[in-house]
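Engineer: Below is the structure, and that's it, no one-letter string:
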């Protein structure tokens, strides 16, 4: 167990809907990262927050947004969902930007 | 654009064999190179390497980085069936928070 908690574990939703994925980082970690893993794309970086501020952005779609709250938990919002958004979404956390990142168990999103 | 290439794509060995997994990378401003093991879901952290030529070791696993030739290897000695997994290599870029770019992984299967 990495100490990073993601909820829910599984999510099935219809196209066009909006969902929110939640992540609680390891105790003491200030940085949170979101990654998407699909079969054909591997692990793709979406976005990083450090102590509430956005630090880096990858190929995150405009339909996706995220935030990190004062208690350091983070949420990833996915809207106007398409079939192609079906994937495993991982959250990871690290103490600083120079330390290793630990991954949560992921949320498996299925869009039908 | 940062790039990570892992080889081989997949490998089948027998228990007790030694394996070497390869990772080559291109990154604009190198921060670190990390190895993860992914079994069912979450990637689990193995090593973080920042300096050339210094071997990191944990039990039967070891890894080394060559920043001149831009590659790293992960060695597993006396393999066990529990080593069966996908091994992921990632590089961090100093220009982009702590964004990690992942390779496609090496799928290792260890047969009894």
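Structural biologist: Sure thing, it's come through. Treat the numbers as computed from the prediction; the structure is a model and nothing was measured.

Engineer: for the residue in chain B positioned nearest to chain A, phi and psi?
Structural biologist: Residue of chain B nearest chain A, by C-beta to the nearest C-beta: residue B:97 (3.1 Å). C-beta coordinates here come from the backbone N, C-alpha and C atoms, glycine included. For residue B:97, the backbone dihedrals (degrees, to the nearest 10) come out as phi 60, psi -120.

Engineer: Just to check, it is in contact with residue A:51?
Structural biologist: No: the criterion here is C-beta atoms under 8 Å, and residue B:97 misses it with residue A:51 at 11.7 Å.

Engineer: more neighbours, these two?
Structural biologist: Neighbour count, other C-beta atoms under 10 Å in any protein chain shown: between residue B:97 and residue A:51, residue B:97 has more, with 23 against 12.

Engineer: Report pLDDT for that one.
Structural biologist: Looking at residue B:97, its pLDDT is 78.

Engineer: okay, now the nearest residue to it once chain neighbours are set aside: neighbour count?
Structural biologist: Once flanking residues are discounted, residue B:97 sits nearest to residue A:56: 3.1 Å by C-beta to C-beta, 6 or more residues apart in numbering or on different chains. Using other C-beta under 10 Å as the criterion, residue A:56 is surrounded by 20 other residues.

Engineer: How about residue B:100?
Structural biologist: For residue B:100, the count of nearby residues is 29 (other C-beta under 10 Å).

Engineer: Likewise for residue B:39?
Structural biologist: Residues near residue B:39, counting by other C-beta under 10 Å, number 12.

Engineer: and residue A:87, how far is that from residue A:17?
Structural biologist: From residue A:87 across to residue A:17, the span is 15 Å (C-beta to C-beta, to the nearest Å).
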